[in-house]
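Asker: sequence-free structure coming up:
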């Protein structure tokens, strides 16, 4: 027996249905994974609403999970039956008790890490990894700005950047989230109602920051640009408040010859060697204690709609798991 959360049309959480579906059989190059934990991420909301399009409808959404390989198709060499694995790349389909996936998208989960840790760290951890280590490689002594610092990616970034010797300015939506961000490496926290560029100017003594990591999107884009030092990089990697409107690139010149990028994890892990290297660096950071995972919410997988409501209402912090 196999169940999944499926959408038959795009829309709100009410469009998500818990349905019985056939147990798939792995095709050549694929593996069948029985999920033990599924990760909840804001990208799942984008696929549910149709901001990002699923390959076809009805669709099972979800990008991240951990579990055990139950079967493999012809030609699979990356994993074997019985392996503990995790993944965090497309295609969508993680909101299921079991699913098939190309085996070269799977990473073996170290024995020291639990399925819950695997499902909580892959997408968010590898996102933090590429942002901090590849998109803009932070250096010790730098001051950086991280939006949504109490979210899943934000908490990991704050800890990791602090470990790398950075001073972290984080933005959050509530005082409770400010306390959480501070406890996880944020040196300074800016709350709604504060003038963000003015706060950054005060904290940096007028120097501003070389990089802004912004997952909020529309509501923070303009202020983020105003926080950058000349030649700084604006890294817009999410749209929690909505897509960023079209940008007049002349603004980048006027504000100091700025750089602007819109990266995705899919691009940074498209090659298997990059996927494995990214995951292994995340595993190492967790094993060394540089990053501690905050799994602050758990829902039954069949209750994914409520998890989406809470996520969109900003009621969640850290990582959230859906339990099959």
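Answerer: In hand now; what should we look at? In this text, all values refer to a predicted model and were calculated from it rather than measured experimentally.

Asker: ends of stretch 242-252, how far apart?
Answerer: Distance across stretch 242-252, first residue to last, is 21 Å (CA to CA, to the nearest Å).

Asker: how close does residue 58 sit to residue 5?
Answerer: 10 Å (CB to CB, to the nearest Å). Any C-beta I mention is one placed from the backbone N, CA and C, and that applies to glycine too.

Asker: who's more crowded, these two?
Answerer: Regarding residue 58 and residue 5, a neighbour count based on other CB atoms under 10 Å identifies residue 5 as having more, with 26 against 13.

Asker: for that one, helix, strand, or coil?
Answerer: Following DSSP: H, G, I helix; E, B strand; the rest coil, residue 5 is assigned to strand.

Asker: is it true that it touches residue 59?
Answerer: No - Residue 5 is beyond contact range of residue 59, at 9.8 Å (criterion: CB atoms under 8 Å).

Asker: ramachandran angles for residue 193?
Answerer: The phi and psi values for residue 193, taken as degrees, to the nearest 10, are phi 100, psi -20.

Asker: excluding chain neighbours, what is closest to residue 32?
Answerer: Using CB to CB, 6 or more residues apart in numbering and skipping the chain neighbours, the partner closest in space to residue 32 is residue 71 (4.3 Å).

Asker: so what are the domain limits for this structure?
Answerer: Using automatic domain parsing, the domain parsing of the chain gives 3-121+270-323, 140-262.

Asker: turn these into TSV, including mean pLDDT.
Answerer: Shown next, in TSV, are those (pLDDT from 0 to 100):
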stretch	mean pLDDT
domain 3-121+270-323	95
domain 140-262	96
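
Asker: save the ones you listed as JSON lines, and put in distance to residue 131 too.
Answerer: Converted to JSON lines, those look like this (distance: least, CB to CB, whole Å):
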{"stretch": "domain 3-121+270-323", "distance to residue 131": "11"}
{"stretch": "domain 140-262", "distance to residue 131": "6"}
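
Asker: so for residue 130, which of those sits nearest?
Answerer: Closest approach to residue 130 among those (CB to CB): domain 3-121+270-323, 6.4 Å.

Asker: could you work out the end-to-end span of the closest one for me?
Answerer: Start-to-end span of domain 3-121+270-323 (CA to CA) is 12 Å.

Asker: just how off-centre is it within its chain?
Answerer: Computed by CA atoms, centre = their mean, to the nearest Å, the chain-centroid distance of domain 3-121+270-323 equals 12 Å.

Asker: do stretch 142-155 as well
Answerer: 12 Å.

Asker: and that stretch, how far apart are its ends?
Answerer: Terminal residues of stretch 142-155 lie 18 Å apart, using CA to CA.

Asker: surely residue 243 is within a strand?
Answerer: No - under three-state DSSP, residue 243 falls outside any strand and is assigned coil.

Asker: where's it relative to residue 51, distance?
Answerer: From residue 243 to residue 51 the distance is 7 Å (CB to CB).

Asker: and residue 152, by the same measure?
Answerer: Applying CB to CB to residue 152 and residue 51 gives a distance of 19 Å.

Asker: higher neighbour count, those two?
Answerer: For the pair residue 152 and residue 51, the greater number of neighbours falls to residue 152 (30 against 13), based on other CB under 10 Å.

Asker: for that one, give me its contacts.
Answerer: Contact analysis of residue 152 by CB atoms under 8 Å, 6 or more residues apart in numbering lists 41, 120, 124, 294, 318-320.

Asker: where does the residue nearest the centre of the chain land in three-state SS?
Answerer: By CA atoms, centre = their mean, the chain has its centre lying nearest to residue 124, at 3.4 Å. At residue 124, secondary structure determined by three-state DSSP is helix.

Asker: tell me which stretches of the stretch 1-150 of the chain form strands.
Answerer: Counting by DSSP state E, counting those that start in this stretch, the segments of the stretch 1-150 of the chain that form strands are 3-7, 16-20, 30-40, 59-60, 64-72, 84-87, 98-102, 107-108, 143-146.

Asker: which other helices and strands does the last one contact?
Answerer: When contacts are defined as 3 or more CB pairs under 8 Å, 6 or more residues apart in numbering; DSSP states H and E, strand 143-146 packs onto helix 152-163, strand 167-171, strand 209-214.

Asker: got the contact list for it?
Answerer: 138, 154, 157-158, 161, 166-171, 186, 200, 203-204, 207, 209-213, 224, 227.

Asker: what lines up beside that strand in the sheet?
Answerer: According to DSSP bridges, strand 143-146 forms sheet pairs with strand 167-171 (parallel), strand 209-214 (parallel).
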